[in-house]
Each structure stands twice: as C-alpha cells, then as structure tokens.
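**Student:** Next input, structure requested:
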Amino acid sequence: SLIITFGDIIQLDVTGTKICFYCSPIITSSLDCSEIKIEHDDLKLYCRSKFLTIEEINPYLDERWD
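**Tutor:** Model (predicted):
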C-alpha cells in the first residue's frame, strides 16, 4: 500500500463512487505542482496541488540489516 498526501489543493474533480479497487494512477510532479489522475470503471479522480508527500510505503524493505 502507498499513502500519499496532497497539500494546498488547487483543483479536485471526483466523479462516481468506488471503494476497494486496484488501479494504476498517473502521478506527475514538477517544481510548482503535483497531480494524480485515476480512472477505474465508473470512478474518475483528478487532483492538482502545490505539495505531494509520500507518508508511507508498505511493505517497507529495509536492506541495511542484511
């Protein structure tokens, strides 16, 4: 799983409803903004913000101790 936080949202468009689904989001990031786009069956989500923070990635493999 991956937890991403978008801060200072500039634009948010959500159409449809859906929970518990697998998708391949398109995430782009530049110096002035970050964007995510998800399209899955009847769900469409687009978010553009000034900041993107990766909060958590699981499973986390720490290979320093091998």
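**Student:** What is the burial count for Leu52?
**Tutor:** 17 (other CB atoms under 10 Å). (Each C-beta comes from the backbone N, C-alpha and C, glycine too.)
**Student:** Next: Phe51.
**Tutor:** 12.
**Student:** OK, contacts around it?
**Tutor:** Neighbour list for Phe51: 6-8, 34 [criterion: CB atoms under 8 Å, 6 or more residues apart in numbering].
**Student:** Output the residues you listed as CSV; include the columns neighbour count, secondary structure and pLDDT.
**Tutor:** Shown next, in CSV, are the contacts of Phe51 (neighbours: other CB atoms under 10 Å; DSSP: H, G, I helix; E, B strand; the rest coil; pLDDT from 0 to 100):
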residue, neighbour count, secondary structure, pLDDT
Phe6, 18, strand, 95
Gly7, 10, strand, 95
Asp8, 9, strand, 96
Ser34, 20, strand, 97
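**Student:** Farthest pair within those residues?
**Tutor:** Asp8 and Ser34 (10.0 Å; CB to CB).
**Student:** shared neighbours of the two, anything?
**Tutor:** Contacts common to Asp8 and Ser34, judged by CB under 8 Å, 6+ apart, are 49-51.
**Student:** Can you tell me which of those residues end up in strands?
**Tutor:** 49-51 (DSSP state E).
**Student:** Count the neighbours of the residue lying closest to Leu2 once chain neighbours are set aside for me.
**Tutor:** Excluding its sequence neighbours, the residue lying closest to Leu2 (CB to CB, 6 or more residues apart in numbering) is Ile57, at 5.5 Å. Number of residues near Ile57 (other CB under 10 Å) recorded here: 11.
**Student:** and Ile57, what is it in contact with?
**Tutor:** 1-3.
**Student:** Please tell me how far it sits from Phe6.
**Tutor:** 16 Å (CB to CB, to the nearest Å).
**Student:** Same check on Cys47?
**Tutor:** 5 Å.
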